[in-house]
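[1] All I have is the shape, not the residue letters:
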């Protein structure tokens, strides 16, 4: 099966958000129904998660025809394998980020008993990601990206607004200074792992998820031990709820695999913006769960109106992301005698150029560029190309449709 890359990206991100909404409701159900300590619950779920994820990876490694079963989810997947040496440092950073974010997430669940409110806190991370990408990556955010991210973020906050109870200052501080920064680290290094090439092909999301879970569990155990040593050992007693933990982490596995695949196709900030649809999906799930446990949804008409307005803003922000991206291939003929390596470096240093390949034939190099507006493409890329002395001539071809095997 083949699908346009643009559509594939949105399908993966939205499916991940749909599954993620279900997971958050399940986690909230477990926490509220059994009134479990958040630190112990966090560690217990990860311990159970390693087992169920390992079993899922083994099943997905079963060959079906010429490909493994897991290749239906990620075409790059062959089988469960040991991480390569060059992956370790990225797994370590992603594991630390995920551990800190998850510990904060379960603490937030113990404070706020509304899944849509809990999920909205993750969407504020879009602004953090844009800031980090503008510093660390070659593609600085455009005005359209900044505007869309702000719209999605405030839409998510409005969707979580509640007139009940008091504002929990500690909870908000954890959201803005612990949970979101940690999620930024996790997202950025998961994306680095996904775009990394292993044995000549892009890394697969299934192995990335499994090994991230291993590293995350290790760092989570350390955090929980130092935060609450007494409840560290209670985590093993909580494993009696293994069936619910298996359900939560089994579903989480597919949400994360789809999210990681989406990270390989788009920028982390854009992926997170699309994943904001989780807020929308969480509302019907929350209504369903409220029939079994005391999960609050809304208690007044104004709150419901604010939620609807927030959802509309999320949709508008995501659509604006979808309609502004422009991609193009640049076919380049080098001047005779000019060092190709130097030309390659000069091209790679142009902001907006995402890949460069040296080829044999009519042209010497082919570069791929991505930008949010055609005007930006001209200002940032074409004028920079004109400054490079080693280019004899070049041709710009805009990409109308791009396909990806799934």
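    Cool, got the structure. These numbers come from a predicted model, not from an experiment.

[2] Verify the stated contact: residue 364 with residue 330.
    No - with contacts counted by C-beta atoms under 8 Å, residue 364 stays clear of residue 330, the gap being 11.7 Å. In this view, the C-beta of every residue, glycine as well, is placed from N, C-alpha and C.

[3] Would you map the strands across the stretch 101-250 of the chain?
    197-198, 201-202 (DSSP state E, counting those that start in this stretch).

[4] before we move on, back to that, which one's more surrounded, residue 364 and residue 330?
    Higher neighbour count among residue 364 and residue 330: residue 330, with 23 against 20, using other C-beta atoms under 10 Å.

[5] Find the residue closest to that one in space, skipping its chain neighbours.
    Spatially, and ignoring its direct neighbours in sequence, residue 330 is nearest to residue 367 (4.3 Å; C-beta to C-beta, 6 or more residues apart in numbering).

[6] Okay, and that neighbour sits in which element?
    Take DSSP states H and E as the rule and residue 367 turns out to sit in strand 365-371.

[7] and that strand, average pLDDT?
    Strand 365-371 shows a mean pLDDT of 85.

[8] Return the list of strands paired to that strand, each annotated with direction.
    Take DSSP bridges as the rule and strand 365-371 pairs in its sheet with strand 326-334 (antiparallel), strand 353-358 (antiparallel).

[9] I'd assumed residue 241 was in contact with residue 34.
    Yes - taking contacts as C-beta under 8 Å, residue 34 lies within contact range of residue 241: 6.8 Å.

[10] who's more crowded, these two?
    Legend: neighbour count by other C-beta under 10 Å for residue 34 and residue 241, higher for residue 241 (19 against 12).

[11] Might one say that the more buried one is in contact with residue 30?
    Yes - with contacts counted by C-beta under 8 Å, residue 241 reaches residue 30, the gap being 6.8 Å.

[12] Overlap in contacts, the two.
    Common neighbours of residue 241 and residue 30 (criterion: C-beta atoms under 8 Å, 6 or more residues apart in numbering): none identified.

[13] The strands of the stretch 101-250 of the chain: which one's closest to residue 388?
    Set against residue 388 and scored by C-beta to C-beta, the strands of the stretch 101-250 of the chain come closest in strand 197-198, at 26.4 Å.

[14] Note down every partner strand of that closest one and its orientation.
    strand 201-202 (antiparallel).

[15] What are the contacting residues of the strand it pairs with?
    With contacts defined as C-beta under 8 Å, 6+ apart, strand 201-202 is touched by 76, 194-196, 264.

[16] Among those residues, name the buried ones.
    Buried members of the contacts of strand 201-202, counted by 16 or more other C-beta atoms under 10 Å: 76, 194, 264.

[17] With pLDDT as extra columns, can I get these in JSON lines?
    Converted to JSON lines, the buried ones among the contacts of strand 201-202 look like this (pLDDT from 0 to 100):
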{"residue": "76", "pLDDT": "89"}
{"residue": "194", "pLDDT": "91"}
{"residue": "264", "pLDDT": "84"}
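
[18] Make JSON lines out of those residues and add distance to residue 16.
    Below are the buried ones among the contacts of strand 201-202 laid out as JSON lines (distance: C-beta to C-beta, whole Å):
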{"residue": "76", "distance to residue 16": "17"}
{"residue": "194", "distance to residue 16": "13"}
{"residue": "264", "distance to residue 16": "13"}
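
[19] Show me where the stretch 101-250 of the chain has its helices.
    115-123, 125-136, 143-159, 169-174, 180-195, 205-227, 229-237, 242-265 (DSSP state H, counting those that start in this stretch).

[20] Next one: residue 384 relative to residue 391, how far apart?
    10 Å (C-beta to C-beta, to the nearest Å).

[21] between the two, which one's more packed in?
    residue 391 (20 against 16).

[22] quick one: that one and residue 334 touch, right?
    Yes - between residue 391 and residue 334 there is a contact at 6.6 Å, judged by C-beta under 8 Å.

[23] By mean pLDDT, flag the weakest helix or strand of the chain.
    The weakest-scoring helix or strand in the chain, judged by mean pLDDT, DSSP states H and E, is helix 115-123 (a mean of 59).

[24] any chance you could map the helices in the stretch 251-400 of the chain?
    268-274, 278-289, 301-324, 340-348, 374-377, 383-387.

[25] just to revisit the earlier point, counting neighbours, what do you get for the residue nearest to residue 330?
    Neighbours around residue 367, by other C-beta under 10 Å: 23.

[26] Please name the bridge partners of it.
    With DSSP bridges as the rule, residue 367 is bridged to residue 330, residue 356.

[27] okay, the angle between the longest helix along the chain and strand 326-334?
    If you go by DSSP state H, the chain has its longest helix at helix 5-34. Interaxial angle, helix 5-34 versus strand 326-334 (axes from the mean of the first three to the mean of the last three C-alpha atoms, to 10 degrees): 130 degrees.

[28] Check which helices and strands the helix or strand just after helix 5-34 is in contact with.
    Downstream of helix 5-34, the first helix or strand assigned by DSSP H and E is helix 38-60. Using 3 or more C-beta pairs under 8 Å, 6 or more residues apart in numbering; DSSP states H and E, the elements in contact with helix 38-60 are helix 5-34, helix 85-111, helix 205-227, helix 229-237, helix 242-265.

[29] buried residues in helix 38-60?
    Within helix 38-60, judged by 16+ other C-beta under 10 Å, the buried ones are 38-49, 52-53, 56-57, 60.

[30] other SSEs contacting the longest helix of the chain?
    Helices and strands touching helix 5-34, by 3+ C-beta pairs under 8 Å, 6+ apart, are helix 38-60, helix 85-111, helix 115-123, helix 242-265, helix 268-274, helix 278-289, strand 403-405.

[31] what's the spacing between stretch 185-204 and its chain's center?
    A distance of 12 Å separates the centroid of the chain from that of stretch 185-204, by C-alpha atoms, centre = their mean, to the nearest Å.
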